[in-house]
Structure formats: C-alpha cells, structure tokens
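Enquirer: predicted model follows, preceded by the sequence.
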Amino acid sequence: MLSLGVRTITAWLQADPINIDEAYHYVNAFTMANSGGFNEQFLWNYLYLPDTVSHPGFQYWMPLTSMIAAAGLVLVDSSYDGAQIGFVLLSSMLPLIAFGIALDASRNFRHANVVALLMIFSGFYFRMWTVTDSFTPFTVAGILSIYGFSKHLTSGKIGWALFAGLMTGLANLARPDAPLFLVAFLLILAMEYFRGVKEAGSEGDLHPLATVGALAGGFVIIMAPWYFRSLTLSDGFAAPGGLQAAWLCSYDDLFSYGKELTFSTYADCGWNVILQSKWQALTAIAERLYAEQGMIFGLPLAIVGWWKYRSMAIFRIVLLYGFLLLVSMSLIFTFPGPRGSWFHSAGVLLPFIFMAAINGADTIIDWLAKRWPGWRDASTKPFFSVLMVILAVALSVLMYNRSAAIHGDTAAQADAYTDIVAVIDSNSTVMVGGTTLFLYYGGWQSIAIPTNGISALMDAADRYSAEYLILDRNTPPAFRSIYDGSEGHPRLILLQSFGNHSDPVSLYRIIMPARQI
C-alpha cells in the first residue's frame, strides 16, 4: 500500500512527458489506442529512411512500453494520467518482488524491508518508474527473468527455465538489449555444467540441452510475432535502426541525414577518437553506477557486502549480466550507452545492489564491534538501516525536484509548440528537435533536424516535404548562426518567434526548390 500510494502521488504530479523518450511512447500509445496500429507519424533519427513520414514504427525502440500505455488510454482515460496507470501498478510490484528475493537470499526480515523501501525511494529512478518509458517493464521482467533462472539452477526444475525465457522475451519487447540476459544464462549454465563434470565426473544434475530448449522456447513464444513483423518489414530479426548505433563517431551522428554508418566509416574516425570515446564512455558509466544505481552511499557498502553472496547463483548471474551490460554500453554502443541506455537497462541491478549494501553495513558494524568492546551492534544495525532509508528518501526528493525544474523548461517549450500549431497550416510536416514532444502538443507530422549541415537539412526537408523548421536554444551547432540571426539562407524565411525574446523558439518557412514549384 505504501508503494502504491507513493507511485500514485508521483504519477499524479507528472502532468506531461518532459523529454522525447516519454513523449515517444505516449504518442505511439495514442496511435495504437485510436486504431493506428504500430505506425509512427514522425522520424526522430535517420538511421533508417522510410519512404514517408508516416511509416511502420518501432524501428529503433521496442513496443511494450507503448502497448502498456495504450491499454491505460483505452481502459482508464485518454490523458497522460491514463497512460501512466499501467506503470503505477507495475512499479508498485517492484518493492514486493525485491522484498521476496531479498528474504529468500538473506533470511533476514530487516534486510528485506530495507531493500523494499529502497526500491520505493530509489533516488535517480524515483520519478522514472511511473513515466511512459521502458524503465519499469524492463526492470520488472528482467529481475523476474534472473530470479527464474537462478531458481532453475538451484532446483533443477525445467519450469523455472521456461519462466526465465518468457520473462526475457517480455524484457526484449521493452528494450532490445534483453538478449544479454540469455547470454549471461548460457555462460552460467556452461560453467555449472563443466563444474559438475569436473567435481562429479559426470554431467551433474543439470541437463543443458533441456535448459537451453526451455529458455529458447519461452523467449520465442513471446518474441515470435515481433520477429515475424521485423522479417516482413526489413528482412531481418533486428530493427535496422538500432544496430547502426554501434558505428557512431559522435552522438550527433545519430541524427545525421544521408551519412553512411558502417564499420568502414567507423574506422575512418581514427583510433584516437575511437579509443578516447570508449574510455570516456567507461568513466561516464562508472560515475552513473556510483550515483544512480548505487545511490552514492550504497555502492561502497555493496562492494563490502557482496562477498557474503558471491556463491549464490542469483548474484553470480547479476554480476555477469552487469558486466555484459557495461561492455555493450561502453565498448559497442559507445555514445547512446552513457547518455541513457545504461540508465534504462541497469535498473535491474538495483535490488541486488541494495541487498549487498545493507549486508555491507552489517559487516562493517560487526567488524567494528570486534575491535571496540563497547560497541552495541544489536542496536546499531537497525539505526544504520533506518539511516540508509532516510538518505534514500532525501535523494529521491532531491532528484524529483530536479526533474520538476526540467519540467519547467519543457513547459515553456510546450507553450511555444502549442502556439506554433495554432498558426501553421494543418496537416503539415515540421522539422523540429523535439519531434515527439511536438506531436504530443498538437502537431501532425514531424522529422528531426539533421545535425550534419544545411545541405543535409534541405535534403531531408525535400525528401519528406517538410514545410516548416523550428529552432530553439538546443539547435544543433551547424544552425546556431541561423538561429541567432547572424546568417540566413535563401530557402528559410523567419515567420515568427515565440516565448522569451532572449531565448526564443523560432518558426521558419522552408521554401520549396524551384524544380518542385
């Protein structure tokens, strides 16, 4: 009830999405709820180039989040509040799941209660659980997947492997990096199998082929319809947009138009750029791990407390998954990883870090009690448990207030978008940085502003018949001179500026080339 109450209040205070990720899933959910299927009316990047702006969607992100939001729109209410209801309910289950896993591992009610409370007041994630984004569905399915496979390892029951496969499939419908769970499971399975052979001189209790079959079967049951759709649309299982993100030389390349992204072009970046970017990604993710997943105070304690759980199957799985996620988000998807992908996917690690952290605090107290005879560890342990929860609540409130400030900036942009929709031609295509936010506030169709120069901008505008361009303070560097008025372009006519005069949102008419007139 505490979890449900906190999540309900948090969601109620979030009146609108504050970034393109949250708006992405809402506008697609709105399309689904109004019989538009899995189609999109916007292009937020140019990693794939459909023939028209209106096209089959989810060629980069996955659909489960929008499906959950669409269910809320249909069953509850057509507003953003209605879209959030599924995330409120799902995220309210997270502390219960964490409590059960913590109690199963530690046999300590105090530890389990602390872990559950930390999952409610989870710092940087506190606001994220109830927004229309992939945090909650991926985390719920991912944790259950890990738990299911650990139960299979300890019990040998094939049903748990099937359950793990099903949950991994659901996680993959939320985020495309979920197959990392399968990789971790198979590596752990191989280690368990060969350890059994070495110790028992036989195959041991586990039957790898049956386990692999159950995992794959559960996964395919969930993913087969989506794979069939992908094969129909692009002759491949994976969305064409996502894999190209491995060949970015900078984050801006994600929004470049007409720029080829292959291993060859990636190699042309130069080894200095490649190695430096990967080092920066590793350090950025390390900082995020310390602050976001470790909640600043928790990670050092978790490092101490992890030792007790090192032999448990579930913690070995989590450690391997975390390592695989770190490698993929820093060394492969070097630019989207540190900027958000790691944050989304690493929510799965939270209950296990919290479990290790509370055990680490107890371990330190035990160590001090042995050296200081007057130290009363029986009363000190509960005190530090309460202190950890208080720190978590404080960090959660702090981060929520920070997001409220961001929402204030978005609100000003939203007002400008609303005013622009009122003055432009209806059913027109607009080139804008916040593509999905523009649609959320009333736009019809939108495409992203290319980051690789005015020529690319015009090529994209011509291809998709964009009639207007919106520039604001976040405009790409290539167009700063146009935004501040120091330069112009013969095909761009400034129509009107909205919002603050010192920080306007400017609307331009894009003139069609002579050959199209």
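Expert: Looks like it arrived, so ask away. All figures in this text were calculated on a predicted structure; none of them were measured in a lab.

Enquirer: is T435 in contact with W44, as I believe?
Expert: Yes - taking contacts as Cβ atoms under 8 Å, T435 lies within contact range of W44: 4.5 Å. For glycine as for every other residue, the C-beta is placed from the backbone atoms N, C-alpha and C.

Enquirer: mind checking which of these two has more residues around it?
Expert: Taking neighbours as other Cβ atoms under 10 Å, T435 and W44 compare with T435 leading, 27 against 23.

Enquirer: need the residues touching each of T435 and W44.
Expert: Each of I20, A448 lies in contact with both T435 and W44 under the rule Cβ atoms under 8 Å, 6 or more residues apart in numbering.

Enquirer: now F479: closest residue in space, sequence neighbours ignored.
Expert: L471 (6.1 Å; Cβ to Cβ, 6 or more residues apart in numbering).

Enquirer: repeat that for L64.
Expert: For L64, the closest residue by Cβ to Cβ, 6+ apart turns out to be L173, at 3.8 Å.

Enquirer: in a strand, that neighbour, correct?
Expert: No - per DSSP: H, G, I helix; E, B strand; the rest coil, L173 lies outside any strand segment and is helix.

Enquirer: residue contacts, it?
Expert: Per Cβ under 8 Å, 6+ apart, neighbours of L173: M62, P63, L64, M67, P137, I222, M223, W226.

Enquirer: mind putting these in JSON lines, neighbour count, distance to I424 and pLDDT included?
Expert: Output for these, formatted as JSON lines (neighbours: other Cβ atoms under 10 Å; distance: Cβ to Cβ, whole Å; pLDDT from 0 to 100):
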{"residue": "M62", "neighbour count": "23", "distance to I424": "32", "pLDDT": "94"}
{"residue": "P63", "neighbour count": "19", "distance to I424": "30", "pLDDT": "96"}
{"residue": "L64", "neighbour count": "23", "distance to I424": "34", "pLDDT": "97"}
{"residue": "M67", "neighbour count": "18", "distance to I424": "31", "pLDDT": "97"}
{"residue": "P137", "neighbour count": "23", "distance to I424": "35", "pLDDT": "98"}
{"residue": "I222", "neighbour count": "20", "distance to I424": "42", "pLDDT": "97"}
{"residue": "M223", "neighbour count": "20", "distance to I424": "41", "pLDDT": "96"}
{"residue": "W226", "neighbour count": "19", "distance to I424": "36", "pLDDT": "93"}
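
Enquirer: where does the residue nearest to F479 fall, phi/psi-wise?
Expert: Backbone torsions for L471, taken as degrees, to the nearest 10, come to phi -120, psi 140.

Enquirer: from S66, how far out is it?
Expert: Going from L471 to S66 by Cβ to Cβ, to the nearest Å gives 29 Å.

Enquirer: now swap in G86 and tell me
Expert: In terms of Cβ to Cβ, G86 sits 11 Å off from S66.

Enquirer: which one's more surrounded, these two?
Expert: Ranked by neighbour count (other Cβ under 10 Å), G86 and S66 place S66 first, with 27 against 24.

Enquirer: how many neighbours does the residue nearest to the more buried one when sequence neighbours are not counted have?
Expert: Nearest non-adjacent residue to S66, counting by Cβ to Cβ, 6+ apart: N28, 4.1 Å away. N28 has 29 neighbours, counted by other Cβ under 10 Å.

Enquirer: so what's N28 up against?
Expert: F38, E40, G57, F58, P63, S66, A69, A70.

Enquirer: tabulate those residues (TSV), appending secondary structure and distance to E292.
Expert: As requested, the contacts of N28 are exported to TSV (DSSP: H, G, I helix; E, B strand; the rest coil; distance: Cβ to Cβ, whole Å):
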residue	secondary structure	distance to E292
F38	coil	31
E40	strand	29
G57	coil	29
F58	coil	26
P63	coil	26
S66	helix	24
A69	helix	24
A70	helix	29
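
Enquirer: neighbour-wise, which of the residues you listed leads?
Expert: Counting neighbours by other Cβ under 10 Å, the top entry in these is A69, with 29 neighbours.

Enquirer: what about that residue, distance to S497?
Expert: Counting by Cβ to Cβ - A69 and S497 are separated by 33 Å.

Enquirer: now swap in D484 and tell me
Expert: 12 Å.

Enquirer: neighbour count winner among those two?
Expert: S497 (16 against 11).

Enquirer: just confirm T8 contacts L89, I think it does.
Expert: No - look at T8 against L89 with Cβ under 8 Å: they stay out of range, at 9.6 Å.

Enquirer: what's downstream of the one helix or strand A361 maps to, the next helix or strand?
Expert: A361 belongs to helix 350-371 when elements are defined using DSSP states H and E. Using DSSP H and E, the helix or strand that follows helix 350-371 in sequence is helix 377-423.

Enquirer: what is the burial count for I365?
Expert: So I365, with other Cβ under 10 Å, has 18 neighbours.

Enquirer: how far away is it from L186?
Expert: For I365, the distance to L186 - Cβ to Cβ - is 39 Å.

Enquirer: one more: W61?
Expert: Taken as Cβ to Cβ, the span from W61 to L186 is 26 Å.

Enquirer: so which of these two has more stuff around it?
Expert: W61 (22 against 15).

Enquirer: can you report how many residues neighbour the residue nearest to the more buried one when sequence neighbours are not counted?
Expert: In space, and not counting its chain neighbours, W61 is closest to Y24: 6.7 Å by Cβ to Cβ, 6+ apart. Using other Cβ under 10 Å, Y24 has 28 neighbouring residues.

Enquirer: now do G36
Expert: G36, neighbours per other Cβ under 10 Å, totals 15.

Enquirer: just D362 next, same as before
Expert: D362: 23 neighbours (other Cβ under 10 Å).

Enquirer: repeat for G37
Expert: 10.

Enquirer: again, but for R371
Expert: Neighbours around R371, by other Cβ under 10 Å: 7.

Enquirer: before we move on, what about F163?
Expert: By the criterion of other Cβ under 10 Å, F163 has 21 neighbours.

Enquirer: got it, and P490?
Expert: 6.

Enquirer: and what of R107?
Expert: 9.

Enquirer: tell me how far it lies from M355.
Expert: 12 Å.

Enquirer: quick one: least confident helix or strand in this structure?
Expert: Across the helices and strands of the chain, the lowest-confidence element by mean pLDDT, DSSP states H and E is helix 240-243, at a mean of 67.

Enquirer: could you dump the next helix or strand along the chain from that helix to CSV, C-alpha only?
Expert: Counting by DSSP H and E, the element after helix 240-243 in chain order, helix or strand, is helix 263-267. Provided in CSV are the C-alpha atoms of helix 263-267 (Å, rounded to 0.1, in the frame of the first residue of the first chain):
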residue,chain,number,x,y,z
PHE,A,263,32.3,-0.4,-39.9
SER,A,264,34.3,1.2,-42.7
THR,A,265,33.1,4.7,-41.9
TYR,A,266,33.6,4.0,-38.2
ALA,A,267,37.3,3.0,-38.8
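
Enquirer: now F185: how far from G337?
Expert: The separation that F185 has from G337, given Cβ to Cβ, amounts to 22 Å.

Enquirer: what sits against F352?
Expert: So F352 contacts I314, F315, V318 (Cβ under 8 Å, 6+ apart).

Enquirer: dump the one helix or strand the second one maps to to CSV, keeping only the CA atoms.
Expert: Element membership of F315 [criterion: DSSP H and E] is helix 313-327. The C-alpha trace of helix 313-327 is given here as CSV (Å, rounded to 0.1, in the frame of the first residue of the first chain):
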residue,chain,number,x,y,z
ALA,A,313,23.5,-18.4,-8.2
ILE,A,314,21.3,-15.3,-8.5
PHE,A,315,24.2,-13.0,-7.6
ARG,A,316,26.6,-14.7,-10.0
ILE,A,317,24.0,-14.1,-12.7
VAL,A,318,23.6,-10.5,-11.8
LEU,A,319,27.3,-9.9,-11.7
LEU,A,320,27.7,-11.4,-15.1
TYR,A,321,24.8,-9.5,-16.6
GLY,A,322,26.1,-6.3,-15.2
PHE,A,323,29.5,-6.9,-16.7
LEU,A,324,28.0,-7.7,-20.1
LEU,A,325,25.8,-4.6,-20.0
LEU,A,326,28.8,-2.5,-19.1
VAL,A,327,30.8,-3.9,-22.0
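
Enquirer: good, we can wrap up now.
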